[in-house]
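**Student:** Below are the sequence and a predicted model; questions follow.
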Amino acid sequence: MTTFRRRGRIDRSRLSSKRHESARTTEEEWVDALGDGVDYEVEELHPPKPRLRSKGIYLLPNAFTTAALFSGFFAIVNAMNGQFQMAAIAIFASLVLDGMDGRVARMTNTQSAFGEQYDSLADMVSFGVAPALVAYEWALKDLGKWGWLAAFTYCAGAALRLARFNVNTGVVDKKFFQGLPSPAAGSLVAGFIWLADDNQIPVRDTAIPWVMFLIAVYAGLTMVSNARFYSGKALDVRYRVPFGVMVLLILTFVLISSNPPLTLFGLFVVYSISGYVIWVWERLQHKRLS
């Protein structure tokens, strides 16, 4: 776009005589032809060109997310083939990989909106659909309609939990999760399946299907509750920690290695009720202060 600012008087007779000369087309030739009495200041205005956004994605954190998604899909395939212990282990593997992708993205400064959405979709498969289908194929299908209702309650709770987390990312306290996080809920379901299968408990001859029913419904409803669960995001591994924390970490590894199904299931049972314990404690503290 070119704009002209007029600073002098133009001789219109001379201007009209020169208008039909086709050879003089540029602004500079017009100024030379009109001669004295005309002073034009030519100002070139070029609209800024929009910067093209890069269509590339960060490889490292999204590779961990893809691996977590694969583990969730692998759990579903193993459940369809009757390999329930392998399906439960695959869900725990997805838990570890899901915890790594976010930390890797923050440590390498490779966070992106694409990565956040991809991680949420992968979580829905690994900790929403996979645990529900594995639990249904393992024991819930023996309960008829109550079985698939429990599985759907869990699956819908995971979807609502992830949707609420996405819209409340910048609102809630980062030290706590609002509702039971879906990886912990999936691990609670998978831990019980792994524990029962490892001890070869007969599923159809006991009350195991109803216990699985209660766990699935509890996990699904707790995910959409307002109970606060410690997130662990305030723990920064780059700084020093007390010596007792290192001792506790070593003891945790020893317990997990001695009996992984029992230890992991026990840890996630404690974590799944910790939110309600925190809620009761805060209510009691509030009553004392008032």
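**Tutor:** Yes, it's here. Since this is a predicted model, take the numbers as computed values, not measurements.
**Student:** Please count neighbours and contacts with C-alpha atoms only from this point.
**Tutor:** Noted.
**Student:** wait, isn't His118 in contact with Thr65?
**Tutor:** Wrong residue type there; residue 118 is Tyr, not His. Yes - using Cα atoms under 8 Å, Tyr118 is in contact with Thr65, at 7.5 Å.
**Student:** show me what contacts Leu221?
**Tutor:** 153-154, 157 (Cα atoms under 8 Å, 6 or more residues apart in numbering).
**Student:** circling back: what about Tyr118 and Thr65, which has more around it?
**Tutor:** For Tyr118 versus Thr65, neighbours defined as other Cα atoms under 10 Å are more numerous around Thr65 (27 against 15).
**Student:** List the contacts of whatever helix or strand the more buried one lives in.
**Tutor:** Taking DSSP states H and E as the criterion, Thr65 maps to helix 59-80. Contacts with helix 59-80, where a contact means Cα under 8 Å, 6+ apart, come from 84, 86-91, 93-95, 97-98, 100-102, 104-105, 110, 115, 118-119, 122-123, 125-127, 130, 133-134, 137-138.
**Student:** Report the buried members of these.
**Tutor:** Among these, those buried by neighbour count (16 or more other Cα atoms under 10 Å) are 84, 86-91, 93-95, 97-98, 101-102, 104-105, 110, 115, 119, 122-123, 125-127, 130, 133-134, 137-138.
**Student:** Tell me the first helix or strand C-terminal of the helix or strand hosting Thr153.
**Tutor:** Element membership for Thr153, per DSSP H and E: helix 145-167. Downstream of helix 145-167, the next assigned helix or strand under DSSP H and E is strand 176-178.
**Student:** Could you give the separation of that following strand from the chain centroid?
**Tutor:** 14 Å (Cα atoms, centre = their mean, to the nearest Å).
**Student:** quick one: least confident helix or strand in the protein?
**Tutor:** strand 2-6 (a mean of 45; mean pLDDT, DSSP states H and E).
**Student:** Low-confidence stretches in the stretch 151-290 of the chain?
**Tutor:** Residue ranges of the stretch 151-290 of the chain with pLDDT under 70: 170-173, 205, 233-241, 290.
**Student:** At which residues are the strands of it located?
**Tutor:** Ranges of strands in the stretch 151-290 of the chain, per DSSP state E, counting those that start in this stretch, are 176-178, 228-230.
**Student:** any chance of those strands in JSON lines, with mean neighbour count and distance to Val217 too?
**Tutor:** Compiled in JSON lines, the strands of the stretch 151-290 of the chain are given as follows (neighbours: other Cα atoms under 10 Å; distance: least, Cα to Cα, whole Å):
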{"stretch": "strand 176-178", "mean neighbour count": "20", "distance to Val217": "18"}
{"stretch": "strand 228-230", "mean neighbour count": "20", "distance to Val217": "18"}
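**Student:** can these go into TSV with extra columns for distance to Arg204?
**Tutor:** Compiled in TSV, the strands of the stretch 151-290 of the chain are given as follows (distance: least, Cα to Cα, whole Å):
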stretch	distance to Arg204
strand 176-178	36
strand 228-230	34
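**Student:** Just tell me which of those strands ends up closest to Phe165.
**Tutor:** Phe165 lies closest to strand 176-178 among the strands of the stretch 151-290 of the chain, at 7.8 Å (Cα to Cα).
**Student:** for the closest one, packing partners?
**Tutor:** Counting contacts by 3 or more Cα pairs under 8 Å, 6 or more residues apart in numbering; DSSP states H and E, strand 176-178 packs against strand 228-230.
**Student:** so how far is the strand it packs on from its chain's centroid?
**Tutor:** With Cα atoms, centre = their mean, you get 17 Å for strand 228-230.
**Student:** Thanks a lot, catch you later.
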